[in-house]
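Asker: turn this into a model:
(one chain, ligands or ions: 1)
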Amino acid sequence: MSLRISVIGTGYLGATHAACMAELGFEVLGLDVDQAKIDSLSRGELPFHEPGLPELLLKHIASGRLRFTTSYEEVGAWADVHFIGVGTPQKAGDNAADLTYVDAATLSLARNITKDALIVGKSTVPVGTARRLQQLVIKNKNDGVDVGFAWNPEFLREGFAVLDTLTPDRLVVGVENAEAEAVLREVYATALAANTPFISTDFETAELVKVAANAFLATKISFINAFSEVTEAVGGDIGTLADAIGHDTRIGRRFLNAGVGFGGGCLPKDIRALQARVSELGLERTMRFLSEVDEINLRRRDRVVFLAEDMLGELAGKKIAVLGVAFKPDSDDVRDSPALDVAARLFNAGADVNVYDPQANANAAQRFPRLNYVGSIANAAHDADLVILLTEWAEFKSLSPTDLDGMVRGKRFIDGRNVLAMGVWQDAGWDITALGHKHLDHQHSGLTRPPING
Ligand code: UDX
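Answerer: All right, here's what the predicted structure looks like:
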């Protein structure tokens, strides 16, 4: 008989995992403590934008393979494998990961599992958590029931969550015995049949793989953005530099796009939590470079605000069109979004800010309601003194000067993602600059770069 799977936590990770497990042919029960979430998921409604996921959800609610509940008793009596996909948000103060939800989910499972089962952690956690949670399970599980424990980090990207779950680059499992590994091989049989690398290791390595991957990606972005600071000072073309080093297969071109930097629910929080964890281990110096990675990333936002001031003289009373507030294209997520941060800072400096994002306006308005959210590029650009592109949505990448010429009050443009052909805009009479490029046309302050913090 096919394995029955429960997924604890129905946020981004959990909802995707549950729907994809149903797509692979398993019967799945998704659990969340939030009744409203369970009600809307049961109706096939997702609280976030993710291509392909609504279709999978509806398909498997209809097929009967996917159901949702708030009852630990129900999942504990029913499932053979319990995936934990609850959030591990950043704690205020020390930036460490808040493990309240992971701990609560593990404890509730342990107490309610009444048939032999395997608990598999998927949330991103500080190294050492899996071993501690395993002890929690051993201490709290019911007598006579065999409850195994494993760790299986998740590498999905927003916008590609379904694809990444159904056809992952690699599978990493932290296990302590052959039984647990066999169960996970059965869960991932479809990917294994397609020769997906399957890395079976200990708990600590499995936990660390996840944070190492995110720390590396963040470092790669800040590396190219640090070179942006140099090309902004001396001239040069950051895109060509990235292409040229990217041809070296040891380096690779991906994640070398210079711009306003990384955001989202994972990279910023994960590099901070990793530093907090290694400091706890007495290894303060080891991950200190990640503070630089974080700072370089945040300085990109300063640079955009500086350029806006430089181009406009002062921000107070000026009308600025911001194109994009999502942390990346094809997402409605504004968590730690560089774009929304910049828009808010321009507003706080007195500018009148019009924002247009194809998907993220509503989420941004919840976090920062005082900006003018509008429904099109044209509405954002109407009478603007300056247009700033901050998220590289396809409809912004294909913009040409003629799309905006008659609308704006001043032909000024900042390309915060390095996606437009600057020459074309300059030829059409625009004062355009991009991150990573020397700003030649500074009309007011005459400065060529913002003060570098620290
Ligand atoms: C990331 C990891 O890629 C994924 O493996 C992990 O599971 C979760 O975190 P995600 O947050 O969805 O995924 O976004 P990602 O596509 O990695 O982009 C992160 C940020 O980096 C975005 O703000 C993006 O705009 C920025 N970025 C990315 C750049 O600034 N330059 C680049 O070259 C690439």
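Asker: ok, how many other residues are close to the spatially closest residue to residue 9 that is not a sequence neighbour?
Answerer: Nearest non-adjacent residue to residue 9, counting by C-beta to C-beta, 6 or more residues apart in numbering: residue 86, 3.4 Å away. Backbone N, C-alpha and C define where each C-beta goes, glycine included. Residues near residue 86, counting by other C-beta atoms under 10 Å, number 25.
Asker: Provide a list of residues in contact with residue 86.
Answerer: Neighbour list for residue 86: 8-9, 11, 14, 101-102, 104-105, 123 [criterion: C-beta atoms under 8 Å, 6 or more residues apart in numbering].
Asker: go ahead and flag the most central residue of this structure.
Answerer: residue 264 (3.7 Å; C-alpha atoms, centre = their mean).
Asker: write out the residues of the protein neighbouring the ligand.
Answerer: Proximity of the chain to the ligand is confined to 155-158, 214, 217, 221, 255-257, 259, 261-264, 266-267, 327-328 under the rule C-beta under 6 Å from any ligand atom.
Asker: redo that, cut-off 5 Å
Answerer: 155, 157-158, 221, 255, 257, 262-264, 266, 327-328 (C-beta under 5 Å from any ligand atom).
Asker: I'd like those residues written out as TSV, with secondary structure and pLDDT added.
Answerer: Shown next, in TSV, are the residues of the chain next to the ligand (DSSP: H, G, I helix; E, B strand; the rest coil; pLDDT from 0 to 100):
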residue	secondary structure	pLDDT
155	coil	96
157	coil	95
158	coil	93
221	helix	98
255	coil	98
257	coil	98
262	coil	98
263	coil	98
264	coil	96
266	coil	94
327	coil	98
328	coil	97
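Asker: sorry, back to before: among the contacts of residue 86, name the ones in strands.
Answerer: Counted as lying in strands by DSSP state E, out of the contacts of residue 86, are residue 8.
Asker: buried residues, stretch 67-79. List them.
Answerer: When burial is assessed from 16 or more other C-beta atoms under 10 Å, stretch 67-79 yields the following buried residues: 67-69, 72, 75-76, 78-79.
Asker: of the contacts of residue 86 - the most surrounded one?
Answerer: Most surrounded of the contacts of residue 86: other C-beta under 10 Å gives residue 8, at 31 neighbours.
Asker: pretty sure that residue is touching residue 18, no?
Answerer: No. If you go by C-beta atoms under 8 Å, residue 8 and residue 18 don't touch, sitting 9.7 Å apart.
Asker: please name the nearest non-neighbouring residue to residue 246.
Answerer: Using C-beta to C-beta, 6+ apart, the nearest residue to residue 246 is residue 253, at 2.8 Å.
Asker: how much space separates that neighbour from residue 300?
Answerer: 20 Å (C-beta to C-beta, to the nearest Å).
Asker: now residue 348
Answerer: Separation of residue 348 from residue 300 (C-beta to C-beta): 18 Å.
Asker: and for residue 255?
Answerer: 15 Å.
Asker: looking at those two, which one has more neighbours?
Answerer: Using other C-beta under 10 Å, the more surrounded residue of residue 255 and residue 300 is residue 300, with 25 against 16.
Asker: that one: what's it in contact with?
Answerer: Counted by C-beta under 8 Å, 6+ apart, residue 300 has contacts 225, 228, 259-261, 338, 435.
Asker: can we see that at 7 Å?
Answerer: 225, 260-261, 338, 435 (C-beta atoms under 7 Å, 6 or more residues apart in numbering).
Asker: now it: which helix or strand?
Answerer: helix 289-312 (DSSP states H and E).
Asker: I'd like the average pLDDT over that helix.
Answerer: Averaging pLDDT along helix 289-312 gives 98.
Asker: may I have it exported as PDB, CA atoms only?
Answerer: What follows is helix 289-312, C-alpha atoms only, in PDB (Å, rounded to 0.1, in the frame of the first residue of the first chain):
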ATOM      1  CA  PHE A 289      32.100  37.700   6.100                       C
ATOM      2  CA  LEU A 290      28.400  37.300   6.000                       C
ATOM      3  CA  SER A 291      28.000  40.600   7.900                       C
ATOM      4  CA  GLU A 292      29.800  42.200   4.900                       C
ATOM      5  CA  VAL A 293      27.600  40.300   2.500                       C
ATOM      6  CA  ASP A 294      24.600  41.700   4.300                       C
ATOM      7  CA  GLU A 295      26.000  45.200   4.500                       C
ATOM      8  CA  ILE A 296      27.000  45.300   0.800                       C
ATOM      9  CA  ASN A 297      23.400  44.200   0.000                       C
ATOM     10  CA  LEU A 298      21.800  46.900   2.100                       C
ATOM     11  CA  ARG A 299      24.200  49.600   0.700                       C
ATOM     12  CA  ARG A 300      22.600  49.000  -2.800                       C
ATOM     13  CA  ARG A 301      19.400  50.500  -1.400                       C
ATOM     14  CA  ASP A 302      21.300  53.600  -0.200                       C
ATOM     15  CA  ARG A 303      22.800  53.900  -3.700                       C
ATOM     16  CA  VAL A 304      19.300  54.100  -5.300                       C
ATOM     17  CA  VAL A 305      18.100  56.700  -2.900                       C
ATOM     18  CA  PHE A 306      21.400  58.600  -3.400                       C
ATOM     19  CA  LEU A 307      21.000  58.500  -7.200                       C
ATOM     20  CA  ALA A 308      17.400  59.800  -6.900                       C
ATOM     21  CA  GLU A 309      18.500  62.700  -4.800                       C
ATOM     22  CA  ASP A 310      21.400  63.400  -7.100                       C
ATOM     23  CA  MET A 311      19.100  63.500 -10.200                       C
ATOM     24  CA  LEU A 312      16.300  65.500  -8.600                       C
END
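Asker: mind listing what's buried along that helix?
Answerer: So helix 289-312, judged by 16+ other C-beta under 10 Å, has buried residues 290, 293-294, 296-297, 299-312.
Asker: for stretch 174-188, same thing?
Answerer: 174-176, 180-181, 183-184, 187-188.
Asker: please apply the same query to stretch 79-90.
Answerer: So for stretch 79-90, counting by 16+ other C-beta under 10 Å, buried means 79-88, 90.
Asker: just stretch 411-427 next, same as before
Answerer: So stretch 411-427, judged by 16+ other C-beta under 10 Å, has buried residues 411-420, 422, 425-426.
Asker: pick out whichever of the residues you listed sits closest to the ligand.
Answerer: Proximity of the buried residues of stretch 411-427 to the ligand (C-beta to the nearest ligand atom) peaks at residue 417, which lies at 7.7 Å.
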